[in-house]
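> take a look and give me a structure for this.
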Amino acid sequence: MPQPGKATSSLDLHASHTLVLVALWACPVVLTAGAVMGWPLPWLAGVCLLVALAGAWTLRASIWKPMAHLQQQAARATRQLAPTTDTGAQAALDVAQAATNARARLDALERERASLLAIFDAVQSPLLVVDAQGQATAANAACISFFAGRSGVVGRHLDELFTQPVVLRLHARAIEGEVASQTITMTQGEGPRVFLIVAAPTKPADANVPGNVLLSLRDITDLAQASALKTAFVANASHELRTPLSSIRIAIDTLADGAWDDAAMRSRLAEVISDNTQRLDEMVRDLMELSRLESPDMQISRERIALADIFGELHRVFESATAERGLTLVCEQSPREMHLHTDRKLLLLIVRNLVDNALKFAREGTSVRVVAEALAGASGTSREGPRSGLRILVIDEGLGIPVEHQQRIFERFYQVDSARTGATARRGTGLGLAIVKHAVKDLGGTIRVESVWKQGTTMIVELPATVEG
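Below is the predicted model:
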């Protein structure tokens with residue numbers, strides 16, 4: 001763009017050119033007129049020069065001077081507008097860049113929010129966010145499923161979701177900034193369940209605004225039951241161990257007080273000590289066996305065995321017990337000469353405990369039957385071909401088990417009233433059927449009882465994919 005000084009010089013140059021042009025145009029006219037009128041030549045030249053100067057000056061004043069003025073104003077306006085235009089363009093660029101950065105930040109926040117929501121929903125335990133007034137503001141998928149029977153979760157108050165007042169107290173403590181927890185019992189579809197509920201405060205950005213509370217529920221029913229079983233087990237074991245130990249101690253004290261010199265009394269007390277020592281030995285053995293079966297490191301060693309070998313072992317173990325009470329042990333298998341693919345020790349443990357239990361409660365002169373049969377149809381396959389399941393029935397002709405006790409006989413140390421067994425029955429450790437239950441479970445099978453009071457009991461064990469074809 002031309003500068004103001006340069007514009008003025010250019011106009012002056014145009015004015016000079018104009019003077020020359022006017023002079024060249026006016027001189028012939030003046031000279032012709034002077035020649036006609038007889039004017040002297042010097043005088044004519046002067047007149048021509050004056051005419052040219054007057055015409056040029058008039059033309060400059062009327063045209064070129066206003067144009068020069070306008071060009072100067074345009075140059076001045078250009079100088080004033082140029083910085084403003086540059087600043088506006090830079091401001092527009094800055095605004096565009098800020099908008100781009102804001103959009104990128106919003107996209108990053110949206111991705112982070114989606115990731116947090118995915119993590120929130122991935123947690124298997126119910127999670128519930130509650131505001132300071134106790135109204136639910138967010139819930140994960142597990143929480144929505146947990147309260148599936150209620151019309152929605154978000155927007156509901158705590159006292160609509162929980163019937164336990166303790167939940168409201170936990171929420172109040174969390175609002176005060178304390179992490180609080182307690183166990184509660186809630187009834188679900190499968191029955192009462194025990195939950196550990198934890199209320200944790202969340203810190204808001206503004207310290208003057210009350211924060212929310214995150215409630216989490218964890219199902220600890222199995223843990224609570226295991227803890228209760230452990231407590232009951234220790235109490236029962238202590239009681240069962242104390243009984244024979246007390247008998248042994250009384251016998252020893254009696255001998256020390258002078259009964260040693262009485263041969264009959266000494267023999268009787270020695271028998272008491274022997275019987276209770278044997279009972280302690282059996283109890284320790286059963287406790288160790290039960291502990292082994294319940295261990296997560298329990299190894300199953302499957303091999304090909306003949307069922308006849310198991311039956312032969314039973315006859316050897318219980319030969320004296322059956323002879324003592326006039327009982328008969330009968331073992332049957334169908335089809336004959338079955339071969340099994342299973343853990344020999346566990347199978348023998350199962351059958352031996354069931355037969356031992358049946359012999360204790362069978363009436364004298366009766367028989368205890370062990371019947372093994374292949375289940376119809378293949379229930380499993382192997383490299384050698386399909387295998388059928390095995391069903392084992394241990395049948396006695398005793399007094400039977402009352403209906404109210406049948407669901408508890410597999411509990412550790414649980415024993416039905418000894419009065420039903422008669423004076424000749426030998427008291428066990430109370431662990432035999434618990435051991436059988438765990439051994440059957442380790443082999444992937446099931447066990448159940450069928451009993452009729454004063455008629456007898458049948459224990460039924462089913463083991464899948466055991467009989468080799």
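
> which SS class is the residue nearest the centre of the chain?
Taking Cα atoms, centre = their mean, the centroid of the chain lies closest to residue 124, which sits 3.3 Å from it. Using DSSP: H, G, I helix; E, B strand; the rest coil, the three-state assignment for residue 124 comes out as coil.

> so who does the closest residue in space to it that isn't next to it in sequence touch?
In space, and not counting its chain neighbours, residue 124 is closest to residue 142: 5.7 Å by Cβ to Cβ, 6 or more residues apart in numbering. C-betas here are computed from N, CA, C, even on glycine. Taking Cβ atoms under 8 Å, 6 or more residues apart in numbering, we find residue 142 in contact with 121, 123-127.

> what pLDDT does residue 142 get?
Here the pLDDT value assigned to residue 142 is 86.

> so which helix or strand takes in it?
Element membership for residue 142 (DSSP states H and E) is helix 141-146.

> go through that helix and flag the buried ones.
142-144, 146 (16 or more other Cβ atoms under 10 Å).

> do stretch 344-354 as well
Neighbour-count burial for stretch 344-354 [16+ other Cβ under 10 Å]: 344, 346-354.

> and those residues as a markdown table, adding pLDDT?
Below are the buried residues of stretch 344-354 laid out as a markdown table (pLDDT from 0 to 100):
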| residue | pLDDT |
| --- | --- |
| 344 | 92 |
| 346 | 92 |
| 347 | 94 |
| 348 | 92 |
| 349 | 91 |
| 350 | 94 |
| 351 | 94 |
| 352 | 91 |
| 353 | 90 |
| 354 | 94 |
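
> of those, which pair is most distant in space?
Taking Cβ to Cβ as the measure, the buried residues of stretch 344-354 span a maximum distance of 16.1 Å, between 344 and 354.

> the stretch 301-450 of the chain: strands as residue ranges?
303-306, 328-334, 339-342, 367-382, 385-396, 446-452 (DSSP state E, counting those that start in this stretch).

> so which of the ones you listed is nearest residue 430?
strand 446-452 (15.8 Å).

> tell me which strands and helices that closest one is in contact with?
Packing partners of strand 446-452 (3 or more Cβ pairs under 8 Å, 6 or more residues apart in numbering; DSSP states H and E): helix 432-442, strand 456-468.

> gap between the shortest one and the chain center?
Here the centre of mass of C-alpha atoms in helix 432-442, compared against the chain's by Cα atoms, centre = their mean, to the nearest Å, lies 31 Å away.

> avg pLDDT for it?
Rounded mean pLDDT across helix 432-442 is 89.

> what does stretch 183-197 give?
85.

> and for stretch 92-108?
84.

> in that stretch, what's buried?
Per 16+ other Cβ under 10 Å, stretch 92-108 contains no buried residues.

> nearest to residue 260, of the buried residues of helix 141-146?
Nearest to residue 260 among the buried residues of helix 141-146, with distances taken as Cβ to Cβ, is residue 146, at 70.0 Å.

> circling back: show me how far the helix holding residue 142 is from its chain's centre.
On Cα atoms, centre = their mean, the centre of helix 141-146 falls 12 Å from the chain's centre.

> could I get that helix in PDB with only the CA atoms?
Written as PDB, here are the backbone C-alpha positions of helix 141-146 (Å, rounded to 0.1, in the frame of the first residue of the first chain):
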ATOM      1  CA  ALA A 141     -26.000 -53.700  37.500                       C
ATOM      2  CA  ALA A 142     -25.600 -56.100  40.500                       C
ATOM      3  CA  CYS A 143     -27.500 -53.800  42.700                       C
ATOM      4  CA  ILE A 144     -30.300 -53.400  40.200                       C
ATOM      5  CA  SER A 145     -30.500 -57.200  39.900                       C
ATOM      6  CA  PHE A 146     -30.400 -57.600  43.700                       C
END
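
> what packs against whatever helix or strand comes next after that helix?
Downstream of helix 141-146, the first helix or strand assigned by DSSP H and E is helix 158-161. Applying 3+ Cβ pairs under 8 Å, 6+ apart, one finds that helix 158-161 contacts helix 165-175.
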